[in-house]
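> here's a sequence, model it:
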Amino acid sequence: MLHLHRKKLVSLFDQSIPSVIFLQSGKIGYKYNTDTELPFRQESNFIYLTGVTEPDFACAIDVQTGEYTLFSPQRDTQYAVWHGYITPQETYKKQYEPDVIAFDSDIETYLKKKNPKVVYCLTDAQAAFIQNLGYQANSESLIPALTDCRVNKSEWELEKMRMANKITSEAHSLVMREAKAGMKEYHIKGMFESVGFPYNVYEQAYNGIYAAGKNAAILHYQGRESELKAGELFLVDAGMEYQGYAGDITRTFPVSARFTDAQAGLYQACLNAHNACIKAVKPGVKMEDLHLMAALLILEGLREMGLVKGDVDELMDANIFALFFPHGLGHMLGLDTHDVGGYKKGVERIDRPGIRFLRARRELEPGMVVTIEPGVYLIPALLQPAFDDFKYKKYLVKERILPIMDIGGIRIEDNIIATENGYENLSSVPKTIEEIEHERS
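Next up is the predicted model:
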């Protein structure tokens, strides 16, 4: 299937000009000024084109012929001593199916044979390497072309994302069942990540968020020490990475067996927005329109609870939603958690509270994978000033909001494929109030 990725990329370049697409893989990094190796994760574009997950490789694609050459590192004895067996090139050729396999020391010879007028490179550093060999390098065109390729997932990629979601969903379901008052946030993190081990999955797609109580009002909370307490909510935003592809799911549930009335009201407002936006996913729908749909439904829920007052359209015009829902609805998902392609060239962010942080602003197309993740938060840094701001205070029912400020925040997130006729939800974790309370009882 990877040959189709390469074919798709080559089609975006002028095939009448002798040229080469050249990428170098990631290299092992080290912890500050020590010789301690950091965990290696391959550069995403290199995975997309080659499937290679080891460091120190390179590849080249002849734009005119489509010929794909993989350059493997020429390992020495010391490598074998410290890191393990040296893989024969025949094994790499069978595993990754390049048209030609060569050593990285053969790159100059390869270029002399091809004599390209231009070499398209991934980074300025790679372009400098090519220029030092005497060839013209272009480090501006390849990233936009790869972005155009990666934004619509192939079926090969979707199968990996289904698996990432399967494992991620199992992990979320486990912690939803097993989390208990008295545990620390780091206990839940360990429980979540352990689910990947039987699948030989050890990498997290991103630093997960495990937020107890009011910590859930911190959007990218990274603490680990707080204790889960009865009567509070617990938010888990975490995902597994399967063969480079990310799962990204969020669930919020009560530490006790039941939601309180106020927690249930906020949760249902968020869930109504979440479900409506998922149902609206189809080709041609704009992500900003989904965001505004979510914002409107959240405001309706808050008004039903008596936390805000006034006509809903007036509340929308006053951007009251952004005080409770200050982040974007979702983002592209794939080889990176916040995947490429959220903004086409020339498309600017909408300068409006809340929606200015939307990570994807484009019409959905078949094969795109997005997250749908509305949230409802009680954030002191936003609400306290708003209580005294003439633009906002007439819409806020302060005496109803202040007593529930410690609830923190609620976010619900699923991973959605836009299909030809609608959508496919990759995530399968309980999310209605009834389902969650059943899991918690």
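> mean confidence for stretch 134-150?
Regarding stretch 134-150, the rounded mean pLDDT is 97.
> how far away is the residue most central in space within the chain from Gly239?
For the chain, the residue nearest the mean C-alpha position is Thr337 (1.7 Å; C-alpha atoms, centre = their mean). For Thr337, the distance to Gly239 (C-beta to C-beta, to the nearest Å) stands at 7 Å. For every residue, glycine as well, the C-beta is placed using N, CA and C.
> and if you look at Trp82?
Taken as C-beta to C-beta, the span from Trp82 to Gly239 is 32 Å.
> the two: who's more crowded?
Higher neighbour count among Trp82 and Gly239: Gly239, with 28 against 8, using other C-beta atoms under 10 Å.
> hang on, the more buried one packs against Tyr245?
No - Gly239 is beyond contact range of Tyr245, at 10.1 Å (criterion: C-beta atoms under 8 Å).
> overlap in contacts, those two.
Ala164 (C-beta atoms under 8 Å, 6 or more residues apart in numbering).
> straight-line length of stretch 15-30, end to end?
Taking C-alpha to C-alpha, to the nearest Å as the measure, stretch 15-30 stretches 40 Å from start to finish.
> list the contacts of that stretch.
9-10, 13, 36-38, 40-43, 45-46, 49-50, 52, 54-64, 111, 114-122, 126, 129-130, 142.
> let's go with 6 Å and repeat that
The contact list for stretch 15-30 (C-beta atoms under 6 Å, 6 or more residues apart in numbering) reads 37-38, 40, 42-43, 46, 55, 57-61, 63-64, 114, 116-122, 126.
> restricted to helices, list these.
Phe46, Lys114, Gln126 (DSSP state H).
> quick check: closest non-adjacent residue to the second one.
Distances taken as C-beta to C-beta, 6 or more residues apart in numbering place Val20 nearest to Lys114, at 5.7 Å, with adjacent residues excluded.
> returning to that earlier point: going through the contacts of stretch 15-30, which ones are buried?
42-43, 46, 55, 57-61, 63-64, 114, 116, 118-122, 126 (16 or more other C-beta atoms under 10 Å).
> any idea of the mean pLDDT in the helix or strand where His187 lies?
Using DSSP states H and E, His187 maps to helix 185-194. Here helix 185-194 scores 98 as its mean pLDDT.
> neighbouring contacts of the helix or strand that that helix is followed by?
Later in the chain than helix 185-194, the nearest helix or strand by DSSP H and E is strand 209-212. For strand 209-212, contacts defined as C-beta under 6 Å, 6+ apart pick out Glu185, Ile188, Lys189, Tyr221, Ser226, Leu228, Phe234, Leu235, Val236, Asp237.
> for the fourth one, which residues are in contact?
By C-beta under 6 Å, 6+ apart, the residues touching Tyr221 are Ile209, Ala211, Asn215.
> same thing but at 10 Å, please
By C-beta atoms under 10 Å, 6 or more residues apart in numbering, the contact list for Tyr221 reads Glu185, Ile209, Tyr210, Ala211, Ala212, Lys214, Asn215, Leu235, Asp237, Gly408, Gly409.
> for the stretch 301-441 of the chain, which segments count as helices?
312-317, 321-324, 380-387, 398-401, 433-440 (DSSP state H, counting those that start in this stretch).
> same check on the stretch 1-150 of the chain?
For the stretch 1-150 of the chain, the helices defined by DSSP H, counting those that start in this stretch occupy 2-10, 44-50, 77-83, 89-96, 107-114, 124-132, 142-150.
> beyond the last one, next helix or strand please.
Same thing as helix 142-150. helix 155-178.
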